[in-house]
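Novice: just to be clear, the model below is a prediction. Sequence and coordinates:
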Amino acid sequence: MNEVSQRKITIFDFIVIGMLIFVVLSIEMMAKRWEAPFVPNAHISLNPVNLVKYTLYSATRGFIAYFISLIFTLVVGYAAAKNRYLEKLIVPTLDILQSVPVLGFLPGLMLALISLFPHSEIGLELVSVIMIFTGQVWNMTFSFYQSLKSVPKELIEASRIYKLSKWAVFWNVEVPYAIPGLVWNSMMSMAGGWFFLTVCEAFTLGNKSYSVPGIGSYMALAISKGYLPGEILGIVAMVLMIVTIDIFFWKPINVWSRKFSEKEDDTVKGSFVLDILINSHITRFFREYLLYRLKRLTLTRSKKLESFQKEERKGIKDTVFTVFIYVLSAIVVLEIYTFVKHVKMDDFYKILLGDGVTGLRVYLSVVLSVAWAVPVGILIGRSSKLSSKLQPVVQVLASFPAPLIYPWFVMLFPNLNYSSILLMMLGTQWYILFNVIAGASTVPKQLEEATKVFGLKGLKKMFTLYIPVIFPYLITGIITAAGGAWNASIVAEYMSVKGKIIEAFGLGAMINNFADLGKLHLLSVSVIVMSLSVVLINRLIWRPLQRFAAERFSLE
Amino acid sequence: MALIEVKNINMVFSMSKTEELKVLENITLSIDEGEIVSILGPSGCGKSTFLRIITGLLRPTSGEVYYKGKRQLDVNDKMAMVFQNFALFPWKTVWENIEIGIKKPVTDADGKIKRVIDMVGLEGFEEVYPKNLSGGMKQRVGIARALVSEPEVLCMDEPFSALDVLTAENLREEVMDLWFSGDTTLKNIIIITHNVTEAVYMADKIVIMSTKPGRIELVYQNELPHPRAQNSPQFLKVVENIRNYLTKHIVPDEPQKKVFKQVLPIPPTTVSEVIGLLEILEDNGGKMDMFELSEKIHRRFTSVMLISTAAEFLGLVETPLKWVVLTKLGRRFLDADVNLRKEIFRMQLLKLPIVKELVKFIQENDNVVSFNEAKAFLKGLLPKESATTVLNTVLNFCMYAEILDYDSRENEISLNPDIEIKV
């Protein structure tokens, strides 16, 4: 433990004070924006000076969205893990929501929030924040739910013996147990959130365009005006923001979260920000006084006789619940049907065709990603030095929003019908790379030695050793990547450059068009078709393959 | 009046919709104040379940537990528990882990924690996380956490079995010192163990349980005066008596004839374990005491029993009381080359009704059945056993003996076509 000298104010304190002021200012700035009168289309100045302000806006939105995701995760994940009825309802619902593209949430959000706050910017801001939220939240909730389901039995027994209340078990046992997984997924989620930033900050609905000031909307404007310096500066600002957040937020949290895992882990290096936080008087004050108070609040004991867990009476209750679920599903299906029944068959076929084309692109992009990420990932994963160095770089690359490079991209590959495949890859190849790296780092040393002894080399070694070992990881990566690619189709198949709309034939472009034109029926049908494609392909192909891989190629 | 009264406890777990597992049957026991009680039994006899019922962590399917004459319906406030795998919170320091044990807000919580830290010898480790502690130190934290809750009954679930022998010896000693020091609030210790010496060393009352389903076979009052010297003749005598009792009553001493008449599962072991046992026997003059053997190979005596019983099924050893003796066939087996060994195994296995039945079943199904079909068939023969375990064991033996083939890709079991098998 670092001892803090008692009196002397150090440089650390100044840094911490600086950070605090910065945070307060950002919040204040955001609050002012929220109170401002409603302007559907924010006036965005392309002057680079303003970009500083816009970056702060975007970052604050990202964090607010993350904060909401965190609360959603704790509440919904807990409910799903603790109540078996809610579990049956929540888990499939999350699975479907996970596959709904960002734009699918837009019309509902707009209607609800703009009518709720018709006179101030808060409605529009909330739409933007919640759209970012929908890009972040689902995998966090799944991770938390799975952690809760796997808390070791003995820890639960120990907390029952010593009469911890449910509240105390939550904060002292369940949340800490879930933290390592939650931190990892949070980092992925933030990256996912940034990826759709341009869509979340500037969108068109029913021929009206809306925007809130931020890097995303700045870039959208710069691109559509063809203002080159703005485009470059926007990318720089984005990269700076992602790197800064990584250094000042994720890195310290990652190092700190090590204490929650049962194993010693040397792969995560120290964080100088965490050192500053540890060494400052101010944070020390918070640690010692606030945490002391918090401990009394969280470490409560159950007072009432928490009599035996009630016998799980199966039978009547279950039947009632099953009936309820069927009725609910029937109502949902009926509602959807009455909403979309006016859709013409022609349009429906077009949507299906678009779905097929987009699906083809999605899987082509997956194949291309696999083709390069597998060998590279194996190379990185085998060397722990290399992987600890490259991991953060890859992280930044993964959160980089593809739309920022559209203008150049279109110059190089003007036919979006094919080039959108590459754009999809921009967002999704990283998931495959991440997973392959993780898999390759588990290759047992002895097996590697064995292949050496028996003189296996090159491709033969690849197929006897590496591919089988990484296979389960690869499948997981493909599921995430394909899901991401479907969603990315809405930014990859449709873009507006220098006032021109460039699009490919596909469901992603259609969704954009339907939203722009305000054809809500067609939009819903498209979104439903896309979600169903994702869920069905996962259920029918990938999940079984994942189970098979886990059985056949697991190292245990 | 007895402090703890357990009346007619039955415990049934439902494994799936159709399968139920009876873990405890008709357990009745009374524990007086001031006793150390040890519950001794083979693995799988439900002793841990029994302890969890006593503490109120589990509710029995039927039967009651009384504490000081009062029916217990909840986790008992006066009991604390020490776990086999410590059950420490990895994200809490030693101090914070012990703090969990303070159940009610008290004025001098810090003083109390300090005192127990002193008692168990954890000074200087207050701010350390459990992952940086050795097993022995971890269990000290577990004990400190239990003591700080000021329990009347300390329940210990195999507290020393995850530790190495020396550390276990040392901690056992210290627990006894604490017990006699009078510094604690303890009125009873209930300790689960599979180690006879440990039970005799610590306990005033030794409860011997048998398995499938778990029942109490004997309650033995251990009158040896404390402190007990583990090498005194009196001590050794008690240990000897209990071991004899265990081998007589707990080890299924199936006579050879019964083995060949009744469908019995092969005990869950492997071919290599059985051959290993034979080799060790040969190295030690062909005859060994089961407990001596268990110490020699660092395995629980129950697992030694299982291996010996499996070898006995095959006619390779005999097990009079606690002895394991190599038979003539066993010696011939050891002298044989691989092919002859397999032949001996095949000959012996085909005498066992369970193998005969299974082979017949496979023959009736064109010499190939799926794993699940075989499992269902065995379930029909032996409804009380876990079919997966039974089948895996039979498969292991029959594959070695080249009676059956197993294709793990197709999950199919077939008769070996190269060898003629007549049943």
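Specialist: Done, it's in.

Novice: buried stuff in stretch A:409-421?
Specialist: For stretch A:409-421, a neighbour-count test (16 or more other Cβ atoms under 10 Å in any protein chain shown) marks A:Phe409, A:Val410, A:Leu416, A:Ser419, A:Ser420, A:Ile421 as buried. Placement of C-beta: from N, CA and C, glycine included.

Novice: could I get those as a markdown table with distance to chain B and pLDDT?
Specialist: Shown next, in a markdown table, are these (distance: Cβ to the nearest Cβ, whole Å; pLDDT from 0 to 100):
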| residue | distance to chain B | pLDDT |
| --- | --- | --- |
| A:Phe409 | 46 | 77 |
| A:Val410 | 50 | 75 |
| A:Leu416 | 45 | 79 |
| A:Ser419 | 42 | 83 |
| A:Ser420 | 40 | 85 |
| A:Ile421 | 36 | 87 |
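
Novice: could you list every residue that touches the closest residue to chain A within the stretch 101-250 of chain B?
Specialist: Nearest residue of the stretch 101-250 of chain B to chain A (Cβ to the nearest Cβ) works out as B:Lys103 at 4.9 Å. Going by Cβ atoms under 8 Å, 6 or more residues apart in numbering or on different chains, B:Lys103 touches A:Tyr162, A:Lys163, A:Arg301, B:Asp77, B:Ser149.

Novice: okay if I get those as a markdown table plus secondary structure?
Specialist: What follows is the contacts of B:Lys103, written out as a markdown table (DSSP: H, G, I helix; E, B strand; the rest coil):
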| residue | secondary structure |
| --- | --- |
| A:Tyr162 | coil |
| A:Lys163 | coil |
| A:Arg301 | strand |
| B:Asp77 | coil |
| B:Ser149 | coil |
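
Novice: by neighbour count, which of those residues wins?
Specialist: Neighbour counts for the contacts of B:Lys103 (other Cβ atoms under 10 Å in any protein chain shown) peak at B:Ser149, which has 24 neighbours.

Novice: torsion angles phi and psi at it?
Specialist: phi -80, psi 0 (degrees, to the nearest 10).

Novice: can you get me a residue count around the residue of the stretch 251-400 of chain B found nearest chain A?
Specialist: Per Cβ to the nearest Cβ, B:Phe371 is where the stretch 251-400 of chain B lies closest to chain A, at 13.1 Å. When neighbours are defined as other Cβ under 10 Å, B:Phe371 has 18 of them.

Novice: equivalent analysis for the one 3 residues further on, please.
Specialist: Per other Cβ under 10 Å, the neighbour tally for B:Ala374 reads 23.

Novice: residues of the stretch 451-556 of chain A that sit close to chain B?
Specialist: Residues of the stretch 451-556 of chain A lying near chain B by Cβ under 8 Å from any Cβ of the partner chain: none.

Novice: please enumerate the strands of the stretch 301-423 of chain B.
Specialist: Counting by DSSP state E, counting those that start in this stretch, the stretch 301-423 of chain B has strands at residues B:317-318, B:323-326, B:368-370, B:404-407, B:412-415.

Novice: quick one: the strands in the stretch 201-350 of chain A?
Specialist: Using DSSP E, counting those that start in this stretch, strands in the stretch 201-350 of chain A cover A:202-205, A:208-211.

Novice: just chain A next, same as before
Specialist: All strands of chain A, identified by DSSP state E, fall at A:202-205, A:208-211, A:494-497, A:500-503.
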